[in-house]
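1. Need the 3D shape of this:
(one chain, ligands or ions: 1)
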Amino acid sequence: MIDPVKPSRRAVLASVAVGTVAPTLKAAETQAEPPHDPRLSLWYDKPAAVWTEALPVGNGRLGAMVFGGIKRERLQLNEDTLWSGGPYHNVNPKGRAAILRVRELIFSGQYAEAEKLADADIRAVPMRMMSYQNAGDLLIDLPRVNETSVSGYKRELDLNTAVCRTSFTSEGIGYVREVISSFPANVIAVSLTATGGPLDADIGLSSGQRGEVTTSGDELTLTGVNNSDFDNPGRLKFQIRTRVVTDGRIEAYGPTLRVRGATYITVYTAIATSYLSPANVSGDPDALTRSHIAAVRATSFETLKSAHITDYRSLFARVALELPEGRGGNRTTASRVENAVGLKDPMLAVLYFQFGRYLLISSSRGTSQPANLQGIWNELNRPPWGSKYTLNINAEMNYWPADPANLSECLEPLVRMVEELSVTGARTARDLYGASGWVTHHNTDLWRASGPIDFMRTGLWPTGGAWLCVQLWDHYDYRRDMAFLRRIYPLMKGAAQFFVETLQTDPKTGMLVTNPSNSPENDHGRGSTLCAGPAMDMQILRDLFDHTIAAATILKTDKAFAAQLKTTRSRLPPDKIGKTGLLQEWQEDWDDTAHDLRHRHVSHLYGLFPSQQINMDETPDLAVAAKKSLDLRGDNATGWGVGWRLNLWAQLRDGERAHTILRNLLSPNLTYPNLFDAHPPFQIDGNFGGVRGIIEMLIQSRAETVHLLPALPKAWPDGRLTGIRLRGDVEADLIWKDGQPERLTLRATRAGQRTVTFGDRTRTVSLTPNAPTILSWS
Ligand code: FUC
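-> Down below sits the predicted model:
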């Protein structure tokens, strides 16, 4: 543990020449800041007392939680490749033989025995995956501030600019702090200014990692190695490098830099690890942090901030949502969450919606890792569920908003993760199942481990990779980009190939089913969760096979394989309705005797959402059964469970139910004061599920059909949603009034037709490339 506050040895004093900042503003960077819009700002009248009150900033790979302290500012830092352990493969050598026996036990109804054997011989070694880590803290103390005499305190996160700002006055001196995590500059930058008196600060780094802090001139570096975990030795080197630029004097005091007599202080922080790929940890974090810092050393904070805002707004400003003003206006964000259920505050949903978009931009960009269970924000070295990638709902839900919320670029890190999983997963397919293609189970981590971890009642689920592929197809369906389809086709083909080889003939029906598997993570009440052919697996495989066949046809390739998939697909059991009218979660009619009738997972409703296999127009009987199942499950669950329910009720076109669920999602039950989703504890999937749910309430697209206001609640009679994306590479603006669509504008890149519906009214419109189609509804 590194603690900067009590230097262990007397400091070597070092003074640094100042006045080296020569800002050169480039034209693109001078673009004015947008006018401050209080409706798009999270704000508070006191510092964060706990982590879930602090405000997140991020550039995809570098995250910080900003506490906005008065005398001490704390930035809790993360870098998205700082995980525990090193490259590893996690298949149990006894697994391949045991799978055969477990299959027999499941087919003969001996579920508890199957689970026992699976836990003994199939469970991955190591049993747990690696965890995402906390990199450390950047601590900035202001010795002149008197905490007992502070006025005008405010901290806020402006979603329009991605700038976090804290301001207050103490003993006649006005302090302003701004924090950004810049994507173009690859650093976290903090600006401190004081007016009416001198600015002094003590700046230090601390970390719960193994490492050492050193100072040199105007720099602090924390150099360390990552933690070992579950017998997997830590093999990553990492470094945090902080440079201080100021017009004051800098001197080192032990592992702390003291700045005295300044009018401004800018603190740049770069973080890097030696991670290069799941199998390669030979990178040079020292060289990387040096180059990131060197690139900004002559750049003023204002210049950096301006470039940051321009870059961020190129994504964020694409979409606007307006709902009736309500009564949230003058309250702090914490108070609005506190009153989310009782107060008429539709604009809280807007803030939540745009905050979710902000989180995706800030946690998943370019060459970053995909957003994990906590995006990129985590203060623990043993976080809940390792803050990793859970593939039986959570990682997928993180990307539900990407395309419709016009942030399709943010999906790129997920695509790369699937590419990497197809490599590690091919090894798991071979070693555990003796199959070709690739497979991944219910979790993965930085090292793209793909074996079945934890306990087999949750971990033995082979459909994670298949679901990810369906999600990549969806991304194609939104953009219809042929180059992208060519890129993902081998991934889809490999995932499908695995199932062609491993599906088993169900002795009772003669149909082809997965075995062993589970319906995440629900106990069917017969001694286990383990089973053959849960409905969700069959639904995912229908999607995977259909999309792979479609892709092969579009790309004019693999005719024989596509034909084989068609045959295999025809032998998958269909969705069934049980004797009490519920959509069956399992092949057998077990739903009303399952162990937990209100289970948080609603896996068999995957067919209704995110899949489009079940819907009100084409499969009304199944939709009614799905509705009955959803009703039985109830509206309360964990954050993501509620986020999923919101999307499902929107598909069922029940605006009032969706709105009730949304208000619960926004309430303190499931939202922290900083608007992070409370699983609890924090899990980011609910935020992302919430964003998608709000879109699904207002506009839905299925194939070439657009549904307007399918689940509009009475509380939102008027509004406007602009810049949203629909399937087939179309952008849409929708304005509605008195609960009716007023105007729909569609912008397309290619000609086509769309059927637009509202209630039982339908219109057909033609799309003209690069010329908006405007449909006045009234
Ligand atoms: C699944 C869920 C839990 C949690 C975990 C990360 O196991 O059932 O609720 O979200 O993933």
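
2. helix, strand or coil for S191?
-> Following DSSP: H, G, I helix; E, B strand; the rest coil, S191 is assigned to strand.

3. Can you tell me, leaving aside adjacent residues, what's nearest to it?
-> Closest residue in space to S191, ignoring its immediate chain neighbours: F301 at 4.1 Å, by C-beta to C-beta, 6 or more residues apart in numbering. The way it works is simple: take the backbone N, C-alpha and C, and place the C-beta from them, glycine included.

4. Pretty sure A189 is one of the things the one you found touches, is it not?
-> Yes: using C-beta atoms under 8 Å, F301 is in contact with A189, at 5.9 Å.

5. Mind listing the shared neighbours of those two?
-> Taking C-beta atoms under 8 Å, 6 or more residues apart in numbering as the contact rule, F301 and A189 both touch T266.

6. what about V179, distance to I188?
-> With distances taken as C-beta to C-beta, to the nearest Å, V179 is found 7 Å from I188.

7. what sits against the closest residue to N134 other than its chain neighbours?
-> Take N134 and drop its neighbours on the chain: the residue closest to it by C-beta to C-beta, 6+ apart is E379, 5.0 Å away. Residues near E379 by C-beta under 8 Å, 6+ apart: 51, 65, 76, 134.

8. Please identify every residue contacting each of V179 and I188.
-> 57, 64, 75.

9. By neighbour count, which of those wins?
-> Highest neighbour count within these: A64, with 29 neighbours (other C-beta atoms under 10 Å).

10. helix or strand right after the helix or strand where it lies?
-> Assigned by DSSP states H and E, A64 falls within strand 62-66. With elements assigned by DSSP H and E, the helix or strand that comes after strand 62-66 is strand 72-79.

11. Quick check: buried residues in the helix or strand T567 falls within?
-> Per DSSP H and E, T567 falls inside helix 559-570. With burial defined by 16 or more other C-beta atoms under 10 Å, the residues of helix 559-570 counted as buried are 561-562, 564-565, 568-569.

12. Just the helices from the stretch 351-500 of the chain, written as ranges.
-> Along the stretch 351-500 of the chain, the segments classed as helices by DSSP state H, counting those that start in this stretch run 394-398, 412-433, 456-459, 464-479, 482-502.

13. Just the buried residues of the longest one, please?
-> For helix 412-433, a neighbour-count test (16+ other C-beta under 10 Å) marks 412-415, 417-418, 420-422, 424-426, 428-433 as buried.

14. L288 contacts Y275, correct?
-> No: with contact defined as C-beta under 8 Å, L288 does not count as touching Y275 (10.6 Å).

15. Compare neighbour counts for the two and give me the winner.
-> Each of L288 and Y275 has its neighbours counted (other C-beta under 10 Å); Y275 has more, 26 against 19.

16. Could you check what's spatially nearest to the more buried one, not counting adjacent residues?
-> Nearest-residue entry for Y275: T81, 3.8 Å, with adjacent residues in sequence omitted and distances by C-beta to C-beta, 6+ apart.

17. before we move on, what about W83?
-> L446 (4.0 Å).

18. residues in contact with whatever residue of the stretch 51-200 of the chain ends up closest to the ligand?
-> Residue of the stretch 51-200 of the chain nearest the ligand, by C-beta to the nearest ligand atom: M129 (11.5 Å). Applying C-beta under 8 Å, 6+ apart, we find M129 in contact with 90, 386, 388, 443-445, 447, 449, 453.

19. Nearest to T256 among those?
-> Nearest to T256 out of these is G386 (C-beta to C-beta; 32.5 Å).

20. Enumerate every residue touching the residue most central in space within the chain.
-> Central residue of the chain (C-alpha atoms, centre = their mean): N398, 3.6 Å from the mean position. Applying C-beta under 8 Å, 6+ apart, we find N398 in contact with 360, 364, 370-371, 375, 414, 684-685, 688.

21. repeat for A120
-> Per C-beta under 8 Å, 6+ apart, neighbours of A120: A98.

22. cutoff 7 Å now
-> Contact partners of A120, counting by C-beta atoms under 7 Å, 6 or more residues apart in numbering, are absent.

23. Ok, I453 next?
-> Here I453 is in contact with 90, 124, 127-129, 443, 459 (C-beta under 7 Å, 6+ apart).

24. Equivalent analysis for W777, please.
-> Counting by C-beta under 7 Å, 6+ apart, W777 makes contact with 740-744, 758.

25. among those residues, which are in reach of the ligand?
-> Counting by C-beta under 6 Å from any ligand atom, nothing from the contacts of W777 sits close to the ligand.

26. Sort out which of those are in strands and list them.
-> 740-744, 758 (DSSP state E).

27. export those to TSV and tack on neighbour count, distance to P404 and pLDDT?
-> Shown next, in TSV, are those (neighbours: other C-beta atoms under 10 Å; distance: C-beta to C-beta, whole Å; pLDDT from 0 to 100):
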residue	neighbour count	distance to P404	pLDDT
Q740	16	22	97
P741	21	18	98
E742	15	21	98
R743	15	19	98
L744	23	15	98
F758	18	18	97
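
28. quick one: which of these is nearest to R657?
-> F758 (19.2 Å).

29. G739 is in contact with that closest one, correct?
-> No: the pair F758 / G739 is not scored as a contact, 10.1 Å apart, by C-beta atoms under 7 Å.

30. CA atoms only for the host helix or strand of Q700 - export them in PDB, please.
-> If you go by DSSP H and E, Q700 is part of strand 699-702. Only the C-alpha atoms of strand 699-702 are listed here, as PDB (Å, rounded to 0.1, in the frame of the first residue of the first chain):
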ATOM      1  CA  ILE A 699     -39.700   4.500 -31.300                       C
ATOM      2  CA  GLN A 700     -38.900   1.000 -32.400                       C
ATOM      3  CA  SER A 701     -37.700  -0.500 -35.700                       C
ATOM      4  CA  ARG A 702     -38.100  -4.000 -36.900                       C
END
